[in-house]
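this one's structure only:
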């Protein structure tokens, strides 16, 4: 991949810094639980020019961070920076890539599945892409197997405050987008209690990156507080069974509908990083 320009490098550095702060916060929770769990960081490179049939020729890579602990049954935090050329029809589905198949993408993706069913699972993704256009996308959403209204309210309040600093119209728009996107049509249910989701946000680079950083900081300030509030709540076998059934729904969404999963598979990304969103144990009864 050619050397990054100033904007590409700034976005990558911002996402890597956010990853480091999130991982440190999650490891601190595991220390409080006396588990001793830490993240294992696994770098990967994408240098094979053959790409994926119908997908993309690309170079670049990233780092996959995974931790399995007493509180976080499985959490993955990935940062990737890739560039290359889309091949075939897939490129025509990507914003701005119809006439010129070249692209650049950098971003952070996080999914946490929790040991205690009273602690909500969570997803966050933030990204910067460039084709013939350039834009930001991402968001965060809370995914409790056993929803608790106070947790939902606190999570949404943090995201709203982050959005409102940039545009008072962002939060209602992005919240509705999340409600529409994180929906499982064949089950006719939402996969969680929502959050925000946005894509193809074409704003000046500094404004887009500042929004992404504020969303990441809102996540960092709200989610660990929810984890600490619930991680020692007693639970029953019935509640674990409900958690595992809900995880099956989550897996269905990520394998059938999630854009990030499709983008990663079509562009020949790291399979373990792409599928780290899948829960460690799930049931279909």
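Right, received. Where do you want to start? Model, not experiment: these values are computed from the prediction.

with adjacent residues omitted, what lies nearest to residue 232?
Nearest non-adjacent residue to residue 232, counting by C-beta to C-beta, 6 or more residues apart in numbering: residue 116, 7.8 Å away. For the C-beta atoms, the positions are set from N, CA and C on the backbone; glycine is no exception.

wait, a strand at the one you found?
No - looking at residue 116 with DSSP: H, G, I helix; E, B strand; the rest coil, it is coil, so not inside a strand.

test my guess that it contacts residue 233.
Yes - with contact defined as C-beta atoms under 8 Å, residue 116 counts as touching residue 233 (6.2 Å).

these two - which one has more neighbours?
The residue with more neighbours, out of residue 116 and residue 233, is residue 116; 21 against 13, by other C-beta atoms under 10 Å.

OK, contacts around the more buried one?
If you count contacts by C-beta atoms under 8 Å, 6 or more residues apart in numbering, residue 116 has them with 71, 230, 231, 232, 233, 235.

now, the most widely separated pair of the residues you listed?
For the contacts of residue 116, the farthest-apart pair by C-beta to C-beta is 71 and 235; their separation is 12.9 Å.

who has more neighbours out of the two?
Taking neighbours as other C-beta under 10 Å, residue 71 and residue 235 compare with residue 71 leading, 23 against 16.

next one: that one, what pLDDT does it get?
What the model reports for residue 71 is a pLDDT of 98.

that one and residue 210: what is the separation?
Separation of residue 71 from residue 210 (C-beta to C-beta, to the nearest Å) stands at 31 Å.

neighbouring strands - and their directions - for the longest strand seen in the chain?
If you go by DSSP state E, the chain has its longest strand at strand 72-86. Note on strand 72-86: by DSSP bridges, its sheet partners are strand 56-67 (antiparallel), strand 102-114 (antiparallel).

return the most buried member of these.
Highest mean neighbour count of the strands paired with strand 72-86: strand 102-114, a mean of 24 (counted as mean count of other C-beta atoms under 10 Å).

now the element after that strand, going C-ward?
strand 121-130 (DSSP states H and E).

circling back to that earlier point, residue 186 is nearest to which of the strands paired with strand 72-86?
Nearest to residue 186, of all the strands paired with strand 72-86, is strand 102-114, at 21.2 Å by C-beta to C-beta.

who touches stretch 64-76?
Counting by C-beta under 8 Å, 6+ apart, 19, 23, 26-27, 29-30, 33-35, 37-44, 77-78, 109-116, 119, 227, 231, 270, 272-273, 276-277, 279-281 sit against stretch 64-76.

now do the strands in the protein.
Here the chain has its strands, by DSSP E, at 40-46, 56-67, 72-86, 102-114, 121-130, 134-143, 183-184, 189-190, 194-201.

tell me how far the fourth one is from the chain's mean position?
To tie it back to what came earlier, the one meant is strand 102-114. On the basis of C-alpha atoms, centre = their mean, to the nearest Å, strand 102-114 is displaced by 5 Å from the centre of the chain it belongs to.

just want the angle from it to strand 121-130.
Orientation check (axes from the mean of the first three to the mean of the last three C-alpha atoms, to 10 degrees): strand 102-114 against strand 121-130 gives 170 degrees.

distance of the nearest residue to residue 100 once chain neighbours are set aside relative to residue 228?
Once flanking residues are discounted, residue 100 sits nearest to residue 132: 4.9 Å by C-beta to C-beta, 6+ apart. With distances taken as C-beta to C-beta, residue 132 is found 45 Å from residue 228.

could you do residue 209 as well?
Counting by C-beta to C-beta, the gap from residue 209 to residue 228 is 29 Å.

and if you look at residue 179?
Going from residue 179 to residue 228 by C-beta to C-beta gives 27 Å.

just residue 37 next, same as before
Residue 37 is 16 Å from residue 228, by C-beta to C-beta.

what's the answer for residue 80, then?
To residue 228, residue 80 is 29 Å away according to C-beta to C-beta.

who has more neighbours out of those two?
Set residue 80 next to residue 228 and count neighbours by other C-beta under 10 Å: residue 80 wins out with 25 against 15.

pLDDT at the more buried one, what is it?
91.

could you pull up the contacting residues of it?
Neighbouring residues of residue 80 by C-beta under 8 Å, 6+ apart: 60, 61, 62, 63, 105, 106, 107, 109, 269, 270, 273.

cutoff 7 Å now
Going by C-beta atoms under 7 Å, 6 or more residues apart in numbering, residue 80 touches 61, 62, 106, 107, 269.
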